[in-house]
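1. here you go, sequence then predicted model.
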2 protein chains.
Amino acid sequence: MSQRDDAIFTERELDIMDVLWDRGSGTVGEVREAIQDELAYTTVLTILRTLEKKGYVGHETEGKAHRYHPLVERDEARESHLRRLLRNLFSGSPELLLTQLVSDRDLSEEELRRLRELLDRRLG
Amino acid sequence: MSQRDDAIFTERELDIMDVLWDRGSGTVGEVREAIQDELAYTTVLTILRTLEKKGYVGHETEGKAHRYHPLVERDEARESHLRRLLRNLFSGSPELLLTQLVSDRDLSEEELRRLRELLDRRLG
DNA sequence: GGTGGTGTACTATATCTATAATACAACCGG
DNA sequence: CCGGTTGTATTATAGATATAGTACACCACC
């Protein structure tokens, strides 16, 4: 029941994973306090437990509480989500995606320059 | 019931929108034939109807059939999904996203060059 | 030694997604 | 004129998602 091949999350799950990634770990109470929206304690617990069932987080007992920690890296999630977007909407073409990323949008020339520099560095 | 503010689709919905975007419009039967997976006629119909309820497609009667057509552009969907990804996983930072896009991935130097050129053109 | 706080486990509900069976209308070809 | 084809409408089911109530355990403190 702990099999996982691709780190894809729902928005709510991401809210919670973000907390764990930022802090390294967290109890239900800690996570609950850290996220923006006001959720019931049991709601956060439930989501953490489904995340655990899916193999994305683990926990160890700490006193009477459970301390949850991520089992996947944030980068792994970024990669999974990006790959899925690429495949689903951009025919797998990074160019199409980059085009969309810089199209009209409120990217300053400054920002565009930084993006180009990033590629320059990548190209050595 | 036809209000829509953001063009976000599920994977199945995207399969169908892709057909409509590619061909301009389609009847249930046409869409069904065009998509990869074998789905029951009624399955395609149901999805088209929920897409219509959400305001993403419209239809007019053609003979006894309904001809569906997109009410949102493919670019609009790309933009919505990309924006959501950016916000949800990349702290809204295009640089982080570009970094992930070119990181390790099997991008050839050729591809990287094309990406840089794209930015060059964008920068005028 | 009972009460409140903190915690987990279990259970429940509403909604959405994915898929499809069933039922029925209408046209067209022989 | 009748049966197959093509189509829509209606209804159903299973699973996922989002949210939370209820029940119960335990410790700490007055």
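-> Thanks, I have the structure now.
2. what about A:T43, which helix or strand?
-> Using DSSP states H and E, A:T43 sits within helix A:41-53.
3. roughly how far apart are A:V57 and A:V44?
-> Distance, A:V57 to A:V44, by Cβ to Cβ, to the nearest Å: 12 Å. C-beta coordinates here come from the backbone N, C-alpha and C atoms, glycine included.
4. on that earlier part again, would the helix holding A:T43 count as contacting DNA strand D?
-> Yes. Using Cβ under 7 Å from any atom of the strand, helix A:41-53 reaches DNA strand D at A:42-43, A:45-47, A:50.
5. how is chain A partitioned into domains?
-> The record's domain parsing of chain A by automatic domain parsing lists A:1-89, A:92-124.
6. A:A7: what secondary structure?
-> coil (DSSP: H, G, I helix; E, B strand; the rest coil).
7. A:L107 now?
-> coil.
8. A:H66 now?
-> strand.
9. get me the contact residues on chain A for chain B.
-> Residues of chain A found near chain B (Cβ under 8 Å from any Cβ of the partner chain) are A:11, A:14, A:74-75, A:77-79, A:81-82, A:85, A:88-90, A:94-103, A:107, A:109, A:111-116, A:118-120, A:122-123.
10. of the residues you listed, grab the buried ones for ChimeraX.
-> Per 16 or more other Cβ atoms under 10 Å in any protein chain shown, the buried members of those correspond to this ChimeraX selection:
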select /A:14,74,77,78,79,81,82,85,88,89,90,94,97,98,99,100,101,102,107,112,115,116,118,119,122
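11. from the residues of chain A next to chain B, which are also near DNA strand D?
-> A:E11.
12. in helices, which of the residues of chain A next to chain B appear?
-> Per DSSP state H, helices hold the following members of the residues of chain A next to chain B: A:11, A:14, A:74-75, A:77-79, A:81-82, A:85, A:88-89, A:94-102, A:109, A:111-116, A:118-120, A:122-123.
13. just to revisit the earlier point, can you pull the buried residues of the helix or strand following the helix holding A:T43?
-> Tracing the chain past helix A:41-53, the next element assigned as helix or strand by DSSP H and E is strand A:57-62. Within strand A:57-62, the residues that count as buried by 16+ other Cβ under 10 Å are A:57, A:59.
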